[in-house]
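*Asks:* let's see this in three dimensions:
(chains A and B)
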Amino acid sequence: MTATATRPERITRNGGRRLVDLVARVRELGILAALAALFGVTGAVNPSFLTYGSLRDILLNTAIVAMLAVGQTLVVITRNVDLSVSSVVGLSAFGGALVLADNPGVPIPLVIAGCVALGAACGAVNGLLVGAAKVPALVATLGTLYAFRGIDYAVAGGRQVNAADMPDGFLSLGTRSVLGVPLLALVALAVLLVVGWMLRNLRSGRELYAIGSNPEAAVLAGIQVRRRIMAAFVANGALAGLAGVMWAARFGTVDATVATGKELDVIAAVVVGGVAIFGGSGTVYGAALGALLLASITSALAVLRVDALAQTAINGALLIAAIVLDRLLALRVAAALRRRRFHDDN
Amino acid sequence: MMKMRHTALLAGLVLMTAACGGGTTRSDVQQQQSSAPAATAASSAAANPNAPLKQGLKIAFLPKQVNNPYFTIADNGGIEAAKEFGGEGKEVGPSDANASSQVSYINTLIQQKQDAIVISANDPNAVVPALKQARAAGIKVVSYDSDTAPDGRDIFVNQASAEDLGRTEVQLLAEQIGHKGKIAILSATPNATNQNTWIEFMKDELKKPEYKDMELVKVAYGNDDDQKSFTETQGLLRSYPDLAGIISPTTVGIAAAARYLSDSPYKGKVKLTGLGTPNQLRKFVKDGTIDAFELWNPADLGYLSAYAAAALASGQITGAEGEKFKAGKLGEYTVGAKGEVLLGKPTVFNKDNIDDFDF
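*Replies:* Presented below is the predicted three-dimensional model:
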């Protein structure tokens, strides 16, 4: 009798333990829950939100910010921040579009590579300022935010590159689908998986977390802090450069003001995705999901016929709700873990 | 590092010159204020509608910014007009759209004893003291595209009235959808003054009986941001599956909406119109996403401004309400209230005429 009585109890305890483990390990579950709620409610009100076309639009809307969020995560993990990404995107988008418009014969892959290199160069400037000159990242990248945009204005001189000026082969990159999934979303996904794997499995990836957790200890542990921070900024810049080309291909109309103000969306996505703003923890998967959540909220509000003037406020409120939900979940898990440790100790 | 120091130095110099420019203009203000009324009084005395246009008039165009394609076209239109009536037109101006930088150009034009200055003001007030000085020296001042304060110029050539723009956009869309169906507006920001004025006239136009089968279901705001305009367009199409057309009275909005529609199953089915430039929308007109859209013709704007300047300099008009003058191929124009001359209805661009325009 006693045996049959204790057995089910142990099973439920194991089940609960497994759930706690899962939530503790997969911090992104909170965001997934918020996403599920958003899609459920919006889909119930307007089923067209869940159609293939709509989901495809949302993926496309997410792709560019998600890629920027992945890059930003690399920098934020090291206890730094890069505010200049929007200007790098603008510079790369206009530079790429200009080259394509003025030299129709240039191979498209070359233009893309050039834009990535341009972005990496901008990232290197940030990296030198922060890593070598020890300027606080907030100040340094605020400066380059204006500097890069200024270069963009000077190069553009009021000019606008229009869809008709760019080759169709390039523009179709922004709209083409492979196996039903938009190409841009696939590119973002590939970047996400590669960077996610590197952060998790490579020594250099783990060192970024170490630097963000405790910079002094990282130095003492023999980590080449300066070189790692530099690398994080360069990688982020390169991704911003790639995002710039994607921007040009997607929107087709490019002037010097492209992506102005987008750095805040990117940082919001990173923070919503559970990446600690003071470094040391968080994953690129969370950041990408954060970007997906932000894009989905905007799309949902547009579909739900919410009053346009109230949209921004509701957008902010939903964002806070998502963060609170995520935080509550995290606290409950922490409490459960404490309880369990107490039980185990006894 | 060397380069950065140079740029810093340059920036400092620019700031200093800007400050000096501001200083001189301020000290000039009082001097000008006393002389300007006398000048206007003198000129308003002698309006002779039958006076012939003088030959060899020197007319200078001072746009907000040179190397801006829009102004290049407008000013070339004006220079062409000047050739027609035997005058001499030229374009001068700053390379940045900066209020104070136009002042030094006005001063130079005064010294060159131009007969007329045609200006698009970067700031309605900053250029007024210098323009008053010009008028005191007998130079006629016409503002175009962007007005100065009324005491800085004789005539303002307005490219399009808010009422015309609002009403004609509704007319344009109504034609495309057969005066029937749900329509939406994709505007700039919720507090964009121009767009809100146009939208009021659109709503007023829709009250007319011929639009009884058309319903404005939503005004969406794309904030003149590509991404937001995309998302709002998607939202309109999803939440109103039977939407017949969209009016986007902003160049950013219409380009984004066109780009989205061109790659969606709604292409050609949901009509899109609004305000845009031919270069920006050429591709979408050709691929059938947009049937027709509108904007004023900048070349005509420059052309009319040149004739207005010549009529002023020849004494045909003084800028008072009700005076008439002829503007070459564009016909006769009447000066309206507050010295405004209206270019006329906006030009409609479609696949038949879009290749005639490059701006």
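
*Asks:* run through the residues that contact the residue nearest to B:A81 when sequence neighbours are not counted.
*Replies:* Excluding its sequence neighbours, the residue lying closest to B:A81 (CB to CB, 6 or more residues apart in numbering or on different chains) is B:A306, at 3.7 Å. Backbone N, C-alpha and C define where each C-beta goes, glycine included. B:A306 makes contact with B:59, B:77-79, B:81-82, B:87, B:89, B:118, according to CB atoms under 8 Å, 6 or more residues apart in numbering or on different chains.

*Asks:* now with 6 Å, please.
*Replies:* B:59, B:78, B:81-82 (CB atoms under 6 Å, 6 or more residues apart in numbering or on different chains).

*Asks:* tabulate these (a markdown table), appending neighbour count and distance to B:L206.
*Replies:* Listed next are these as a markdown table, based on neighbours: other CB atoms under 10 Å in any protein chain shown; distance: CB to CB, whole Å:
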| residue | neighbour count | distance to B:L206 |
| --- | --- | --- |
| B:I59 | 26 | 42 |
| B:G78 | 34 | 37 |
| B:A81 | 27 | 37 |
| B:A82 | 25 | 42 |
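
*Asks:* what is the nearest of those residues to A:A259?
*Replies:* Nearest to A:A259 among the contacts of B:A306, counting by CB to CB, is B:G78 at 35.9 Å.

*Asks:* A helix includes the closest one, no?
*Replies:* Yes. B:G78 sits within a helix when classified using DSSP: H, G, I helix; E, B strand; the rest coil.

*Asks:* what strand or helix carries the closest residue to B:Y266 other than its chain neighbours?
*Replies:* Using CB to CB, 6+ apart and skipping residues adjacent in sequence, the residue nearest B:Y266 is B:L237, 5.7 Å away. Using DSSP states H and E, B:L237 falls within helix B:226-239.

*Asks:* off-centre distance for that helix?
*Replies:* Put simply, helix B:226-239 sits 28 Å off its chain's centre (CA atoms, centre = their mean, to the nearest Å).

*Asks:* which residues does that helix contact?
*Replies:* Counting by CB under 6 Å, 6+ apart, A:48, A:54, A:57, A:251, A:298-299, A:302-303, A:305, B:184, B:186, B:220, B:222, B:253, B:256-257, B:260, B:266 sit against helix B:226-239.

*Asks:* farthest-apart pair in the contacts of B:A306, please.
*Replies:* For the contacts of B:A306, and using CB to CB, no pair is farther apart than B:I59 and B:A81, which are 8.7 Å apart.

*Asks:* for the residue nearest to B:A81, pull up the helix or strand it's in.
*Replies:* helix B:298-313.

*Asks:* distance-wise, check the residue nearest to B:Y266 relative to B:G245.
*Replies:* 11 Å (CB to CB, to the nearest Å).

*Asks:* which of these two has more neighbours?
*Replies:* B:L237 (26 against 23; other CB atoms under 10 Å in any protein chain shown).

*Asks:* measure the more buried one to A:L294 for me?
*Replies:* B:L237 is 21 Å from A:L294, by CB to CB.
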